[in-house]
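Participant: After the sequence you'll find the predicted model.
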Amino acid sequence: MQQITLRRPDDWHLHLRDGAMLKGVLPETTRHFARAIIMPNLVPPVVTSADASAYRDRILAALPDGAQFEPLMTLYLTEGTDAADVAAAAASGLVKAVKLYPAGATTNSHSGVRDFDKVMPVLEKMAEIGLPLCMHGEVVTAEVDIFDREAVFIDTVLDPLRRRLPDLRVVMEHITTKQGADYAAEGGANLAATITTHHLIINRNHILVGGIKPHYYCLPVAKREEHRLALRKAATSGKACYFLGTDSAPHVDALKEHACGCAGCFTATNTMPLLAHVFEEDGALERLEAFTSLNGPAFYRLPANDAQIRMVKHEVPQSFPAKILTEAGPVTVFDPGFPVHWQVES
Ligand SMILES: NC(=O)N[C@@H](CC(=O)O)C(=O)O
């Protein structure tokens, strides 16, 4: 029986939602993860430090008994965000990052940024105080093909912004392309990228071949196989600029299996066993800890977790629930489409 021990992992990009959904999905993350960067795209969004403080309280109130979990809060950047409020939220330790959604790019992003000039005072303040900006890196203009949105964003938005504000610390969230992986690797100490579990496993064929698979639809949408392979190479490289952000994004089945289905894969339940499978397949199990437990805290200037988890590879495939039954409705757990022998034991 093969086993590995890792420092307890953190999830640097997580959607927990609110109310009944929060209550239903939170245990799926707290079972294995010590901390998570909590995405602020609620309705209405988490914009001010007061919003973040209230949301944090709701998360803490929803924690399962005995759970050791720290939500790392973020603010949703709007064109009306107040730089002084952001700075105060960072100084108090409440907020660990600000999230930038280009307006219209993804779920609940309509309050996001249209005109980057309008958010420059906030970004300048963040550069000054070292507060990371988590970027959803996709352009949303109609003439750009959805499969090219990330690469075009890097060239036309991200790179010019980083030249204008070289001290701004940026996390390219959920990269899905070779261009994203390459750009992150060349960006120096102020740039990093999160990679999801599902983008290491699926390419666009998984969504579309043999019938449309709504539970594989997420944003940024999975790309060609060559991009999946580039992400695998990046994640398993151990390089400090890459770390896990699951982007686990629960939507009830009724809204996924729909004529206009929501974007998001729900991977909180089985992320760690899937990652052990992926890293083992690529001969990189010894670098799994860097990806899940070391590189993220280092970028966010936080200590790595002291506690450990033990993962075991069993002879027989392990079973995972197909759905999590929340009071908001059932949420389908990401199905990798292959047997998984790894399990987190403690
Ligand atoms: N990843 C997704 O497909 N969806 C996320 C938003 C996001 O991170 O893009 C969601 O909030 O549902």
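Facilitator: Ah, there it is.
Participant: Could you report the neighbour count for Ile37?
Facilitator: 25 (other C-beta atoms under 10 Å). The C-beta positions use only the backbone N, C-alpha and C, and glycine is treated the same way.
Participant: Actually, Glu289.
Facilitator: Under the criterion other C-beta under 10 Å, the count of neighbours that Glu289 has is 20.
Participant: What backbone torsions are found at it?
Facilitator: phi -60, psi -40 (degrees, to the nearest 10).
Participant: Not counting residues beside it along the chain, what's closest to it?
Facilitator: Spatial nearest neighbour of Glu289, chain neighbours left out: Leu6 (4.4 Å); criterion: C-beta to C-beta, 6 or more residues apart in numbering.
Participant: again, but for Pro339
Facilitator: For Pro339, the nearest residue in space outside its immediate sequence neighbours is Pro317; the separation is 3.6 Å by C-beta to C-beta, 6+ apart.
Participant: quick one, what contacts the one you found?
Facilitator: When contacts are counted by C-beta atoms under 8 Å, 6 or more residues apart in numbering, Pro317 touches Pro339, Val340, His341.
Participant: Surely the last one touches Val316?
Facilitator: By that I understand His341. Yes - contact criterion C-beta atoms under 8 Å: His341 and Val316 qualify, at 7.3 Å.
Participant: and these two? which has more neighbours close in?
Facilitator: His341 (17 against 7).
Participant: how far away is that one from the ligand?
Facilitator: Here the distance between His341 and the ligand works out to 27 Å (C-beta to the nearest ligand atom, to the nearest Å).
Participant: So that it lines up with my notes, have the first residue be 345 from now on.
Facilitator: Sure, I'll start counting at 345 from here, so that last one is His685.
Participant: what's that residue in contact with, if anything?
Facilitator: His621, Lys657, His658, Glu659, Val660, Pro661, Gln662.
Participant: In terms of pLDDT, where does the closest residue to Ala666 other than its chain neighbours sit?
Facilitator: Closest residue to Ala666 in three dimensions, ignoring its sequence neighbours and counting by C-beta to C-beta, 6+ apart: Val677, at 6.1 Å. Per-residue confidence (pLDDT) for Val677: 99.
Participant: Starting from the helix or strand encompassing Leu575, tell me the next helix or strand along the chain.
Facilitator: Element membership of Leu575, judged by DSSP states H and E, is helix 569-579. Sequence-wise, the next helix or strand downstream of helix 569-579 (DSSP H and E) is strand 586-588.
Participant: chain center to that following strand, what's the gap?
Facilitator: 9 Å (C-alpha atoms, centre = their mean, to the nearest Å).
Participant: What pairs with it, parallel or antiparallel?
Facilitator: In the sheet containing strand 586-588, the strands it pairs with under DSSP bridges are strand 535-539 (parallel).
Participant: now the angle from the strand it pairs with to helix 569-579?
Facilitator: Using axes from the mean of the first three to the mean of the last three C-alpha atoms, to 10 degrees, the direction of strand 535-539 lies 120 degrees away from that of helix 569-579.
Participant: Okay, and the residue nearest to Pro683 sits in which element?
Facilitator: Per DSSP H and E, Pro661 falls between elements, in no helix or strand.
Participant: one step back: pLDDT score assigned to the residue nearest to Glu633?
Facilitator: The pLDDT attached to Leu350 in the predicted structure is 98.
Participant: and the nearest residue to Pro408 once chain neighbours are set aside, what helix or strand is that in?
Facilitator: In space, not counting the residues next to it along the chain, Pro408 is nearest to Pro371; the distance is 4.7 Å by C-beta to C-beta, 6+ apart. Using DSSP H and E, Pro371 sits in helix 363-374.
Participant: quick one: Ala441 is in a strand?
Facilitator: Yes - secondary structure assignment places Ala441 in a strand (DSSP: H, G, I helix; E, B strand; the rest coil).
Participant: tally of neighbours for it?
Facilitator: Residues lying near Ala441 (other C-beta under 10 Å) number 25.
Participant: In contact with it, which residues?
Facilitator: When contacts are counted by C-beta under 8 Å, 6+ apart, Ala441 touches Ile381, Leu416, Thr418, Leu419, Leu475, Pro476, Leu477, Cys478, Val515, Tyr644.
Participant: hmm, stretch 506-516 in reach of the ligand?
Facilitator: No - for stretch 506-516 and the ligand, the contact criterion (C-beta under 6 Å from any ligand atom) is not met; the two come no nearer than 12.4 Å.
Participant: Close to the ligand: what parts of the stretch 545-690 of the chain are there?
Facilitator: The stretch 545-690 of the chain has residues Cys562, Leu563, Asp591, Ala593, Ala607, Gly608 near the ligand, with proximity defined as C-beta under 6 Å from any ligand atom.
Participant: picking up where we left off before, buried members of the contacts of His685 into ChimeraX, please.
Facilitator: Here is the ChimeraX command that selects the buried residues among the contacts of His685 (16 or more other C-beta atoms under 10 Å):
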select :621,657
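Participant: Near the ligand, which residues of the stretch 345-494 of the chain? Just list them.
Facilitator: Where the stretch 345-494 of the chain comes near the ligand, counting by C-beta under 6 Å from any ligand atom, the residues are His359, Asn385, Thr450, Thr451, His480.
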